[in-house]
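Participant: Predicted model and sequence follow; I will ask about them next.
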Amino acid sequence: RARTPRSTAAASVAVNGPRLLDRIRRFAAIGRDDQGGINRPGFGEADRAARAHLIEEARQAGLLARTDAAGNVLIRRPDHDHDLRPPRLLLGSHLDTVLNGGELDGAYGVLAALEVLHSLHESAIPTRCDVTVVSFANEEGALFPQPFWGSMALAGRLHALPDDPRDYHGQSLRDALRLAGGDLSDLPSAGWPPGSLDAYLELHIEQGPVLERLGKPIGVVDSVTGRTQLAVEISGSAGHAGTTPMAGRRDPLVGAAHVVLAVRRMAGEEELCRVATVGRLEPSPNSSNTIPERVRLSVDIRDSSARRLAAAEEAFRETLAALARRERLDITVRDAIRTAPVHTDQRLRHAIASSARDLGLGYETLPSGAGHDAQVVADIAPIGMIFVPSIGGVSHVPSERTTPEDLIAGADVLLHTVLRL
Ligand code: HGY
Ligand code: MN
Ligand code: MN
Ligand code: MN
């Protein structure tokens, strides 16, 4: 795609594209699995390696890096006068991935933000804002089921936690967080007081097909979908697969099958929400000749309307209750995480669009169907989001890709947006 910058001034300030692409390539090797995907769940071993690598990259770039109590990595320029209270701008995304995920979801936004700060610093370009780059901890919740962990902590919203949060395998978050440089007992210190942040910008791959179909390199995000995540547990009566008569069985996996279909129906025929998914299903003991004792599964419900989300959840809970009676199972919703839909800030949208125009890059305004830390940060500050196209519109899979030109274009738009603020 040819770029025709509007002005030579716009063309003269640019990120170091090859350096950004090289960093993306090197981070893609951290947690790579034998199916070609990336396994870097938050607070796991590969995630720790990625954070250590990020901190090292920042230091080599002459920047200051630290980890807060929630495990967020924060990077700044050393030459800024931190005593004055300038407008404070935060740029970032997350380095953790889903299981068998891709190399760009999250990491691109962190590494591009690092590249922006690195470029500004090495060229001694001043900014009106005090810029901090953040790598938010555990955005996906792939291992520890608390997605948006780092941004929730920053927004001061992590209060109703269990005393000793555990991952899906029973490992303690307290220990995992300590290994990552955080401290569960000191979480409130990771919160940014109201009024301390003037804007948050997140650059991300679109993860959908819109920009590619339109042939536009830049997306200006106008809203981020709302999402309700339910942790459902179904208990029945375990038994021998060969001797337990069919009549009278209380099989929780049969119950789970009904739940999976009900979830599809809720978004499909019933149109109660935009999409709904069961992505995680764990029968226990998961043995081929035993009727399971228990099944745990995840339900992910999304819609752009908070009202519709609430109504869908309520209807779904009624479906669960009816199913429990019919199949004589115990069905409980053990946890519910509700993330509100949000709109991005108009001034930030305008700054992003103007930057794209200056750089001669076509753009389109579009909503985000994926969740992002930005929607949590929206609690305490105006947010803006920039998208770049996803090849084939796919994400959360190993084949997640974006062309090198688009990756660099997105980072340049981020840089120019920072300079405008
Ligand atoms: O699931 C999501 O939308 C995001 O990738 N965490
Ligand atoms: Mn993701
Ligand atoms: Mn992401
Ligand atoms: Mn036997």
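Facilitator: Received the coordinates, thanks. Ligands and ions are numbered 1, 2, ... in the order given.

Participant: Against A353, how distant is E400?
Facilitator: Shown here: E400 relative to A353, a distance of 26 Å by C-beta to C-beta, to the nearest Å. C-beta: built from backbone N, CA, C; applies to glycine.

Participant: Ignore what I typed, I meant P382.
Facilitator: Going from P382 to A353 by C-beta to C-beta gives 15 Å.

Participant: Likewise for S395?
Facilitator: Applying C-beta to C-beta, one obtains 24 Å for the distance of S395 from A353.

Participant: just T403 next, same as before
Facilitator: Distance from T403 to A353, counting by C-beta to C-beta: 21 Å.

Participant: Confirm for me that A381 is in contact with L197.
Facilitator: Yes: A381 is in contact with L197 according to C-beta atoms under 8 Å; the separation is 4.1 Å.

Participant: Please identify every residue contacting each of those two.
Facilitator: L90 (C-beta atoms under 8 Å, 6 or more residues apart in numbering).

Participant: Pick out whichever of E400 and A353 has more residues nearby.
Facilitator: Neighbours per residue (other C-beta atoms under 10 Å) separate E400 from A353, with E400 holding more: 23 against 19.

Participant: hang on, isn't the more buried one packed against G101?
Facilitator: Yes: taking C-beta under 8 Å as the contact criterion, E400 and G101 are neighbours in contact, 7.1 Å apart.

Participant: which residues does I301 contact?
Facilitator: 227-230, 263, 266-267, 273, 275-276, 309, 312-313, 316.

Participant: Now do stretch 51-67: everything it contacts.
Facilitator: 23, 26-27, 30, 71, 73-78, 95, 110, 114, 117-118, 121-122, 133, 135, 180-182.

Participant: Of those, keep whichever come out buried.
Facilitator: Buried by 16 or more other C-beta atoms under 10 Å: 23, 27, 30, 71, 73-77, 95, 110, 114, 117-118, 121, 133, 135, 180-182, out of the contacts of stretch 51-67.

Participant: who in the chain is up against ligand 1?
Facilitator: Taking C-beta under 6 Å from any ligand atom, the part of the chain that reaches ligand 1 is made up of D105, E139, E140, P147, A370, G371.

Participant: Near the first one, how many other residues are there?
Facilitator: D105 has 25 neighbours, counted by other C-beta under 10 Å.

Participant: Identify the residue of the stretch 301-421 of the chain closest to ligand 3, quick one.
Facilitator: Scanning the stretch 301-421 of the chain for proximity to ligand 3 using C-beta to the ion identifies H372 as nearest, at 5.9 Å.

Participant: Kindly provide the distance from that residue to A14.
Facilitator: As judged by C-beta to C-beta, H372 and A14 stand 25 Å apart.

Participant: So if I had to pick from these two, which one is more boxed in?
Facilitator: A count of neighbours by other C-beta under 10 Å puts H372 above the other of H372 and A14, at 27 against 16.

Participant: Hmm, E202 and that one touching each other?
Facilitator: Yes: A contact is recorded between H372 and E202 when judged using C-beta under 8 Å, the distance being 5.8 Å.

Participant: quick one: common contacting residues for these two?
Facilitator: Counting by C-beta under 8 Å, 6+ apart, the common neighbours of H372 and E202 are S93, M385.

Participant: what about the helices in the stretch 301-421 of the chain?
Facilitator: Taking DSSP state H, counting those that start in this stretch as the criterion, the stretch 301-421 of the chain carries its helices at 306-327, 346-358, 373-377, 404-420.

Participant: Could you say which of those helices is packed most deeply?
Facilitator: Looking across these with neighbours counted as mean count of other C-beta atoms under 10 Å, the highest average goes to helix 373-377: a mean of 28.

Participant: Name the residues that touch stretch 235-246?
Facilitator: Applying C-beta under 8 Å, 6+ apart, the external contacts of stretch 235-246 come out as 249-252, 255, 285, 288-294, 327-331.

Participant: Correction: the previous question concerned stretch 18-32.
Facilitator: Counting by C-beta under 8 Å, 6+ apart, 38-40, 44, 46-47, 49-50, 53, 57, 95, 97, 103-104, 107-108, 111-112, 114-115, 118, 404, 407-408, 411 sit against stretch 18-32.
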